[in-house]
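Enquirer: here's my sequence, what's the structure:
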Amino acid sequence: MMAATPASRHPTAIISPQADLAADVMVGPYSTIGPGVRVGPGCRFDSHVVVEGPTTIGSGNRFYPFCSIGSQAQDLKFAGEEARLEIGDRNVFREYVNVNRGTSGGGGVTRIGDHCYFMVNAHVAHDCVLGSHVMMANAATLSGHVVVEDYGTIGAFSAVHQFCRVGVHGWVGGFTVVTKDVLPYSRTVSGRATRAWGVNTLGLQRRGFEPERLERIERAFRLLQRSRLNTSQAVEAIREQVEGAEAGTIVELIESSARGVHK
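Expert: You can find the predicted model right below:
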């Protein structure tokens, strides 16, 4: 990223004296950086971006036109309490992406990890926690208090209900309504009802999963989805019959789920 020059802070941009921007941060025309915003090196804000604080942004992030970052929670219970947004490093926020700060009822913070990609019109509501390498396609929507673990993918025009969790490497197809937790490594899509259709094999292969790891995940899913065992019995069978960390990850999400899981 080029060093800041007078031209890299456009004269029409409004930057609060109470904002703390690294020297090389680029701010485009008509963008607004409010008080309580801290921005690390190498970030770029194109035209018409609005950032409200308290918000902390790491290094190397890119914000395309008309993003709204760190705005107040869209929650009728929000009463102006102190709440913040934390964003890691090297994330991309395309046009019209909206990310809200947290609320006191959800821990007071919305948090985004590193290397995430948010396509046009994606929305991250209050108190969501996203890991790293998360991808949200066009108009994908997270309601409040949603957790998306590392490498989770939310397809275009999909919506995730409040308090749901998308497990590590979980893949949600386009136009899907998620009302329960999404199993790790699974591909979940809408038909007549939302269900997990099995392991996201192609996606995991693209991320370098070896055949042995894939076989362990497939074995766990066969016990969970294709046996005549109920969920509790399947979990015990996975513990006894499937080795590896992947099985433990699947079992942990099922046992900690407050809303149940899509099977």
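Enquirer: what's the following helix or strand after the helix or strand bottoming out on mean pLDDT in the chain?
Expert: Ranking every helix and strand in the chain by mean pLDDT, DSSP states H and E puts strand 194-199 at the bottom, with a mean of 79. Toward the C-terminal end, the helix or strand that comes next after strand 194-199 (DSSP states H and E) is helix 201-206.
Enquirer: quick one: list the elements packing against that next one.
Expert: On a contact count with 3 or more C-beta pairs under 8 Å, 6 or more residues apart in numbering; DSSP states H and E, helix 201-206 meets helix 211-221. Using the backbone N, CA and C atoms, a C-beta is placed for each residue, glycine as well.
Enquirer: one more time with 10 Å
Expert: Helix 201-206 makes packing contacts with strand 171-172, strand 186-190, helix 211-221 when contacts are defined by 3 or more C-beta pairs under 10 Å, 6 or more residues apart in numbering; DSSP states H and E.
Enquirer: and the longest one, C-alpha only, in CSV?
Expert: Taking Å, rounded to 0.1, in the frame of the first residue of the first chain, the C-alpha atoms of helix 211-221 are listed here in CSV:
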residue,chain,number,x,y,z
PRO,A,211,-8.3,-38.1,1.9
GLU,A,212,-7.8,-39.6,5.4
ARG,A,213,-9.3,-36.5,7.1
LEU,A,214,-12.2,-36.5,4.6
GLU,A,215,-12.8,-40.2,5.3
ARG,A,216,-13.1,-39.5,9.1
ILE,A,217,-15.5,-36.7,8.5
GLU,A,218,-17.6,-38.8,6.1
ARG,A,219,-17.7,-41.6,8.7
ALA,A,220,-19.0,-39.3,11.3
PHE,A,221,-21.7,-37.9,9.0
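Enquirer: and residue 20, how many neighbours?
Expert: Here the number of neighbours of residue 20 (other C-beta atoms under 10 Å) works out to 16.
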